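Asks: Need a 3D model of the sequence below.
(chains A and B)
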Amino acid sequence: MINSFYEGIIVTCCVNIIAVLGMSVLTGFTRLFSFGNAGFMAIGAYTAAICSVQFHLPFALSILIGSAAAGIVAYLLGSLTIRLRGDYFLISCLGFGECVRVLFLYLRDITGGAVGYTGIPFRTTWIVALVCAIAAFIIAWNLIHSRFGQAFSAIRENEVAAAANGIDVVKYKKMSFVFSAIFAGWAGGLYAHYLQHITPVLFNLPKSCELVITTVLGGLGSLSGSVLGTLVVQLLPEFFRKFSEYRMLAYGIAVVLVILLRPSGLMGYKEFPDLFKKTGKKKSTGGA
Amino acid sequence: MEKSTDVILKVDHLSAAYGGIRAIDDISFLVNRGEIVAMLGSNGAGKSTLLKCLSGEHKRSAGEVTFDGQPLPGQCYKIVERGISIVPEGRQIFYKLTVLENLRVGCCQRNDKDGIQEDLEKVYKLFPRLEERKSQFGGLLSGGEQQMLAIARGLMARPKLLMLDEPSLGLAPIIVNQIMDTLKSIAESGTTILLVEQNALKALNLCDRAYVMNVGHIVMEDTGSNLLKNENLMKAYLG
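Replies: Here you go, the predicted model:
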């Protein structure tokens, strides 16, 4: 079997892949930037954890309720903010993410506050995480290749023209936002059942930023790029572990290099199979 | 009373403004089913604003619009649902989507697979160039091809009324002729066309009837051939 160190890496990668796939649909395909998705992860994580611990619900059901909770909150938030343009939407998400974190910090009776919420059963084995990540990829892939996905890309490319072609821009944007929140909540629920102990600080602003950076790094408009990006962002610090504190420096340099050398990300607008369609060798390994 | 069965679009005392500035003021006109109607006028006459009002992109401040016997809704997507497609000024195609994907966006409200396939074949027949280039990014097409794509995309919604905002903008004369010919055959196959143009000669040759606009008002209405003969008009408004 696999030892706990590798299991940790696999679970962390898979959990992040799920959250980043949600971001990818939102940012890569609909061109909405959200710096608040860690907030949705937190909602998913805490809801799922409370369902498991307080109500002894089965694992799968807890995860489902967790992601549904994140989705519902996103729907309500989206109804208020989705009409905001570009930067303003981004800032409203950023504010929301921080609100959630602080709220969970202060609701000491329910969430355990800064000490964290403990006693969550260990359920997310590497197999569960891997299966979930694959399922998430298939769901996202099918969404993107449906007529909803077509509408998302149209909104990304040209909102005015999309509206002129009969796309209900507000509805589809909201759909994309809710979808990303559900994925974030799913990831959060899985993560909680792996760590067994969650604190609000796990879901802070840097976590949201990491999700966005990963999506951009992997390439906007590419689901396989998002997976690749997550692997790079999650595994790179592991490879550089022997450099101890310098590894974050290496991570920073890698990000800058990728942005410089491949401005549209590792896989901008291309999916993995596209790389083999043309005869030219297109494979890039970025800064790794 | 008009015979309401023939009239597909009826605009009654329509006004719209940008802030305090009235761009169109108390405009009324009709489009009959199966017609090609041109809306002419020089820069700033309010032609584009008029189309934007009809497509839902700009808010109407007063007046009523009746389409196919019922009042026209305000939101873009509901208007497309009712059967009006717009081919926007400057084409506005999706650069990072392929030609085929562009066309699919045009029919994203429809769910009838067979009908969509049928319409795809129809627009490919109309514009064979698009079929040759269906897997290319829209941004890589030439100006004329982009205009064809924009028209084809509008047709994919299977509209009753197709509105075009300056389809001749920035195109070589030979391409403009091609596009005008295509519009003619689109109209012959039963789609009503409302055309906004600065290229008065081309538009008048094509259309059944035309309206002439000047600073927010309609100043003249006649058949295309009559307007062509009217030299004073050509000098005064259309250059």
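Asks: Just list the residues touching the one residue in chain B that gets nearest to chain A, thanks.
Replies: Of all residues in chain B, B:V80 sits closest to chain A, at 2.9 Å by CB to the nearest CB. Heads up, the C-betas are built off the backbone N, CA and C, glycines and all. The contact partners of B:V80, taken as CB atoms under 8 Å, 6 or more residues apart in numbering or on different chains, are A:A164, A:N165, A:G166, B:Q109, B:A157, B:P159.
Asks: Report how many residues lie close to the third one.
Replies: By other CB atoms under 10 Å in any protein chain shown, 29 other residues sit near A:G166.
Asks: thinking it is in contact with B:A157, fair?
Replies: Yes: if you go by CB atoms under 8 Å, A:G166 and B:A157 touch, sitting 5.8 Å apart.
Asks: which residues do these two both contact?
Replies: B:V80, B:S85, B:G106, B:Q109.
Asks: burial measure for the last one, as a count.
Replies: What that stands for is B:Q109. Around B:Q109 there are 17 residues (other CB under 10 Å).
Asks: Same question for the third one.
Replies: B:G106 is flanked by 31 other residues according to other CB under 10 Å.
Asks: right, and it touches B:M156 too?
Replies: Yes: with contact defined as CB under 8 Å, B:G106 counts as touching B:M156 (3.2 Å).
Asks: In terms of helices and strands, where is B:M163?
Replies: strand B:161-165 (DSSP states H and E).
Asks: Can you mark which positions in the helix or strand just after that strand are buried?
Replies: Counting by DSSP H and E, the next helix or strand C-terminal to strand B:161-165 is helix B:173-188. Neighbour counts over helix B:173-188 (16 or more other CB atoms under 10 Å in any protein chain shown) mark B:I175, B:V176, B:Q178, B:I179, B:M180, B:T182, B:L183, B:I186, B:A187 as buried.
Asks: for stretch B:224-239, same thing?
Replies: For stretch B:224-239, by 16+ other CB under 10 Å, it's B:G224, B:L227, B:L228, B:L233, B:M234, B:Y237, B:L238.
Asks: Sort out which one of the residues you listed lies nearest A:E245 for me.
Replies: B:L238 (73.6 Å; CB to CB).
Asks: Work out the gap between the lowest-mean-pLDDT helix or strand in chain B and the centre of the chain.
Replies: Within chain B, no helix or strand scores below helix B:231-233, which has a mean of 79 by mean pLDDT, DSSP states H and E. How far helix B:231-233 lies from its chain's middle: 25 Å, per CA atoms, centre = their mean, to the nearest Å.
Asks: now swap in stretch A:80-99 and tell me
Replies: That offset, for stretch A:80-99, works out to 17 Å (CA atoms, centre = their mean).
Asks: ok, is that stretch in contact with chain B or not?
Replies: No: Stretch A:80-99 lies out of reach of chain B by CB under 8 Å from any CB of the partner chain, never closer than 12.9 Å.
Asks: In PDB, list the C-alpha atoms belonging to that stretch.
Replies: Presented in PDB, the C-alpha positions along stretch A:80-99 are these (Å, rounded to 0.1, in the frame of the first residue of the first chain):
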ATOM      1  CA  LEU A  80     -26.500  40.400  -5.300                       C
ATOM      2  CA  THR A  81     -23.100  40.800  -6.900                       C
ATOM      3  CA  ILE A  82     -23.000  39.100 -10.300                       C
ATOM      4  CA  ARG A  83     -24.100  42.200 -12.100                       C
ATOM      5  CA  LEU A  84     -21.000  44.000 -10.900                       C
ATOM      6  CA  ARG A  85     -18.300  44.500 -13.500                       C
ATOM      7  CA  GLY A  86     -14.800  43.000 -13.500                       C
ATOM      8  CA  ASP A  87     -12.900  44.400 -10.600                       C
ATOM      9  CA  TYR A  88     -15.900  45.200  -8.500                       C
ATOM     10  CA  PHE A  89     -17.100  41.600  -8.600                       C
ATOM     11  CA  LEU A  90     -13.600  40.500  -7.700                       C
ATOM     12  CA  ILE A  91     -13.500  42.700  -4.600                       C
ATOM     13  CA  SER A  92     -16.900  41.700  -3.500                       C
ATOM     14  CA  CYS A  93     -15.800  38.100  -3.600                       C
ATOM     15  CA  LEU A  94     -12.600  38.900  -1.700                       C
ATOM     16  CA  GLY A  95     -14.700  40.600   1.000                       C
ATOM     17  CA  PHE A  96     -17.000  37.700   1.200                       C
ATOM     18  CA  GLY A  97     -14.200  35.200   1.600                       C
ATOM     19  CA  GLU A  98     -12.800  37.100   4.500                       C
ATOM     20  CA  CYS A  99     -16.200  37.500   6.100                       C
END
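Asks: Of all the residues in it, which ones are buried?
Replies: A:T81, A:I82, A:F89, A:L90, A:S92, A:C93, A:L94, A:F96, A:G97, A:E98.
Asks: Now intersect those residues with the strands, please.
Replies: When these are checked against strands (DSSP state E), there are no matches.
Asks: Looking at those, which one is closest to B:S28?
Replies: Nearest to B:S28 among these, counting by CB to CB, is A:I82 at 36.9 Å.
Asks: quick revisit: how about the shared contacts of A:G166 and B:A157, which pair is most distant?
Replies: Greatest spatial distance in the shared contacts of A:G166 and B:A157: B:S85 and B:Q109, 10.8 Å, computed using CB to CB.
Asks: who touches both of these two?
Replies: Joint contacts of B:S85 and B:Q109 (CB under 8 Å, 6+ apart) are A:G166, B:A157.
Asks: So which residues on the stretch 101-250 of chain A come close to chain B?
Replies: A:147, A:150-151, A:153-154, A:156-158, A:160-169, A:221.
Asks: List only buried entries from those residues.
Replies: Here, 16+ other CB under 10 Å leaves A:147, A:150-151, A:153-154, A:156-158, A:161-169, A:221 buried among those.
Asks: So for B:G41, what's the pLDDT?
Replies: Note on B:G41: pLDDT of 86.
Asks: And the helices in the chain, which stretches?
Replies: Using chain A here. A:4-23, A:37-55, A:59-81, A:86-106, A:108-111, A:126-144, A:147-157, A:159-164, A:169-195, A:205-218, A:223-239, A:247-261 (DSSP state H).
Asks: ah, no, chain B please
Replies: With DSSP H as the criterion, chain B has helices spanning B:47-55, B:76-82, B:99-106, B:113-126, B:128-132, B:143-155, B:173-188, B:200-206, B:224-229, B:231-233.
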